[in-house]
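Undergrad: How does the following fold in three dimensions:
(2 chains)
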Amino acid sequence: AQSVAQPEDQVNVAEGNPLTVKCTYSVSGNPYLFWYVQYPNRGLQFLLKYITGDNLVKGSYGFEAEFNKSQTSFHLKKPSALVSDSALYFCAVRDRTGANNLFFGTGTRLTVIP
Amino acid sequence: NAGVTQTPKFQVLKTGQSMTLQCAQDMNHNSMYWYRQDPGMGLRLIYYSASEGTTDKGEVPNGYNVSRLNKREFSLRLESAAPSQTSVYFCASSEEAGWGLANNEQFFGPGTRLTVL
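TA: Okay, the predicted model is just below:
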C-alpha cells in the first residue's frame, strides 16, 4: 500500500531564511513523487515532480525538492522564503505501475513571518 | 483556457437532499478525478475516470455516484446527503490514460464547499 507522511502540521520561518517542508513515503518499487501548493480558497497547484534521473528537482516559484531513496524522503526546499510562500503544501506519491492512484499526505501549513 | 471549472462554488443542503457537482476541463485531458478535502486528512479520492466511458471507485466512494458525460465533463452526485459529507470537493484532470503514464501531474479546479445540515 502507498502512504505519505508529512510529519509537521505547521512550519514557521522568517522571511529571507531557507525553508524545508518534510515528506517521507512508502510505495512498492520506485515512486513518482509530487509537491502541490494550496493558497486560501483555491485548488491545488502543481509545484514539481520527481520521475527519474537527477535527485534534485527544480520547480515553480524557486522551489526545489531532493529525492532520497535510502531515506524514502522527498523534502521541499527553498533558499529564501517569501511572505507570499505562506500556504498549505501537499506531498503526493504514486507507484510506477499506475495501478494505484495518487496518494496525498495530510498537508503542512507554511507561514513565512515578515 | 479556463483549465478545470467547478460549479457551484458553495452549497448548503439538508440531510437527505440530493445534488450534483459539475466539473469541466478544456485541456483535452483523458483522466478526471473527484477528491474531498477534510481538515487534517489531506485529499482523498472518491471516484476517477481514467478515460471517457470508464469510471472507478477511489478510496472513499460510499454515498457518491459519478458520470463521465463526455471527455470534458465529469459530475459527482450525492443521492441522499449526510452531515459526514460536509467537505470541500475538488475535481482534477490529467493527460494520462492507461498504465505507463502515471507521472503526469493533475490540474485542480477551485473547489466546491458543501455543508450538509
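
Undergrad: got the contact list for the nearest residue to residue A:73 once chain neighbours are set aside?
TA: Once flanking residues are discounted, residue A:73 sits nearest to residue A:24: 4.9 Å by CB to CB, 6 or more residues apart in numbering or on different chains. C-beta here means a position set from N, CA and C on the backbone, and glycine is covered the same way. Residues in contact with residue A:24, defined by CB atoms under 8 Å, 6 or more residues apart in numbering or on different chains, are A:4-5, A:7, A:71-74.

Undergrad: Show me the strands in chain B, by range?
TA: B:4-7, B:10-13, B:19-25, B:31-38, B:42-49, B:56-57, B:64-68, B:74-78, B:87-94, B:107-108, B:112-116 (DSSP state E).

Undergrad: To residue A:54, which of those lies closest?
TA: strand B:87-94 (23.1 Å; CB to CB).

Undergrad: Settle this for me: residue B:6 is touching residue B:21, isn't it.
TA: Yes. Applying CB atoms under 8 Å, one finds residue B:6 in contact with residue B:21, separated by 6.8 Å.

Undergrad: Which one's more surrounded, these two?
TA: residue B:21 (23 against 20; other CB atoms under 10 Å in any protein chain shown).

Undergrad: what about that one, distance to chain A?
TA: 14 Å (CB to the nearest CB, to the nearest Å).

Undergrad: For that residue, name its beta-bridge partners.
TA: residue B:76 (DSSP bridges).

Undergrad: Please list all residues in contact with it.
TA: Counting by CB under 8 Å, 6+ apart, residue B:21 has contacts B:6-8, B:11, B:34, B:75-78, B:89, B:91, B:112, B:114.

Undergrad: could I get those as TSV with pLDDT?
TA: Shown next, in TSV, are the contacts of residue B:21 (pLDDT from 0 to 100):
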residue	pLDDT
B:6	97
B:7	96
B:8	96
B:11	96
B:34	96
B:75	97
B:76	98
B:77	98
B:78	97
B:89	97
B:91	96
B:112	96
B:114	97
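
Undergrad: From these, list just the buried residues.
TA: B:6, B:11, B:34, B:75-76, B:78, B:89, B:91, B:112, B:114 (16 or more other CB atoms under 10 Å in any protein chain shown).

Undergrad: how about the strands in chain A?
TA: Using DSSP E, the strands assigned to chain A run over residues A:3-5, A:10-14, A:19-21, A:24-26, A:31-38, A:44-50, A:56-58, A:64-68, A:73-78, A:87-95, A:103-104, A:108-113.

Undergrad: Kindly reformat those strands as CSV containing distance to residue B:28 and mean pLDDT.
TA: Formatted as CSV, these follow (distance: least, CB to CB, whole Å; pLDDT from 0 to 100):
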stretch, distance to residue B:28, mean pLDDT
strand A:3-5, 29, 92
strand A:10-14, 37, 98
strand A:19-21, 33, 97
strand A:24-26, 30, 95
strand A:31-38, 21, 94
strand A:44-50, 17, 94
strand A:56-58, 26, 95
strand A:64-68, 29, 96
strand A:73-78, 30, 98
strand A:87-95, 22, 92
strand A:103-104, 25, 92
strand A:108-113, 33, 97
